[in-house]
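Student: Provided below for reference: sequence and predicted model.
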Amino acid sequence: MRVVITFLALCMALSAKGQFAIVADKDGFVNVRRENNIADNIVDTLKNGHLIYCFEEVNNWTNIDFDRGNGFIYKDRYKLISTFDEIPIEEQKGTSITLHKDNLKIAIATSKFDKTKHKLKFVKDENKWIELIDNKKYWGTDGEIPEFEYRSIEINIRQKRLMLPKSATEDLFQPNLKNTKANYDNQTDTLYIHSINSDGAGGYLVIWKITNGEYRERYVAYGF
């Protein structure tokens with residue numbers, strides 16, 4: 001019960017704190033600043049469409065995380081993923097979920113983690129805490145062996161079928177289908193699938209980006 005409460009608390013905290021977004025600036029790019037002002041403190045530049053995670057606003061500036069770091073951008077230089085058309089849930093079972101609207105359908109399946117199919121590297125002098133899975137850093141637990149993993153993410157859009165590659169999910173564990181959502185941007189023909197995963201201790205957020213029927217990228221964030 002304590003684990004369930006921890007995860008619910010995490011979901012509520014993440015929802016309150018921030019959301020995924022994309023850079024959307026009239027100039028085609030935005031400067032990320034170290035502090036929430038226009039002084040000469042630029043730490044990076046992001047082009048329109050770059051995935052970011054937005055936290056709270058501070059004096060009209062938004063604190064963000066992105067794949068290369070963090071900083072501040074002005075509050076009107078991005079667009080929240082949640083503002084795009086939402087793809088509603090059509091069916092949800094224990095280990096799978098289907099989202100469907102018009103000619104767009106998403107089917108996500110999960111399965112139990114089978115440690116015989118993975119290479120586990122344990123922390124030195126430990127036989128319980130995992131350092132790497134399949135020689136990679138991983139998301140979803142705080143060192144324990146995962147219980148669940150993604151099996152497949154299939155997208156059907158305008159009669160075109162797309163399976164996300166193994167690289168899109170292979171290091172992501174403890175998927176939570178109840179917290180999986182999808183939004184579609186008609187203007188750029190871009191689909192975003194995103195979720196809050198894990199039980200709290202290893203909690204993370206993930207978003208996948210599919211444009212013109214092709215998988216483009218993903219972004220994983222802690223969100224707290």
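Tutor: Thanks, I have the structure now. Not measured: the values here are computed from a predicted model. Residues are numbered from 1 along each chain as shown.

Student: So the residue lying farthest from the centre of the chain versus Gly143, what's the distance?
Tutor: Most distant from the centre of the chain: Asp125, at 33.0 Å, with distances by CA atoms, centre = their mean. Distance, Asp125 to Gly143, by CB to CB, to the nearest Å: 14 Å. (C-beta placed from N, C-alpha, C; glycine too.)

Student: Distance check, the residue farthest from the centre of the chain against Lys115.
Tutor: 20 Å.

Student: Just the buried residues of stretch 123-130, please?
Tutor: The neighbour-count check on stretch 123-130 (16 or more other CB atoms under 10 Å) flags Ile130 as buried.

Student: any weak-confidence spans in the chain?
Tutor: Along the chain, segments meeting pLDDT under 70 span 1-17, 199, 223-224.

Student: three-state assignment of the nearest residue to Val220 once chain neighbours are set aside?
Tutor: In this structure, Val220 finds its nearest non-sequential neighbour in Val206, 4.9 Å apart by CB to CB, 6 or more residues apart in numbering. Taking DSSP: H, G, I helix; E, B strand; the rest coil as the rule, one finds Val206 in the strand state.

Student: For Val206, give me its contacts.
Tutor: Trp139, Leu172, His194, Ser195, Asn197, Arg218, Tyr219, Val220, Ala221 (CB atoms under 8 Å, 6 or more residues apart in numbering).

Student: Try it again at 6 Å.
Tutor: Leu172, Ser195, Val220 (CB atoms under 6 Å, 6 or more residues apart in numbering).

Student: Neighbours of the first one, how many?
Tutor: Neighbour count of Leu172, defined by other CB atoms under 10 Å: 20.

Student: can you tell me which residues contact it?
Tutor: Taking CB under 6 Å, 6+ apart, we find Leu172 in contact with Trp139, Val206.

Student: Quick check: bridge partners of it?
Tutor: Counting by DSSP bridges, Leu172 forms beta bridges with Trp139.

Student: if I look at it, how far off is Asn59?
Tutor: 35 Å.

Student: Would you map the helices across this protein?
Tutor: Residue ranges of the helices in the chain, as given by DSSP state H, are 2-17.

Student: In the record's domain split, what are the boundaries for the protein?
Tutor: Here the domain assignment for the chain is 2-82, 84-221, based on automatic domain parsing.
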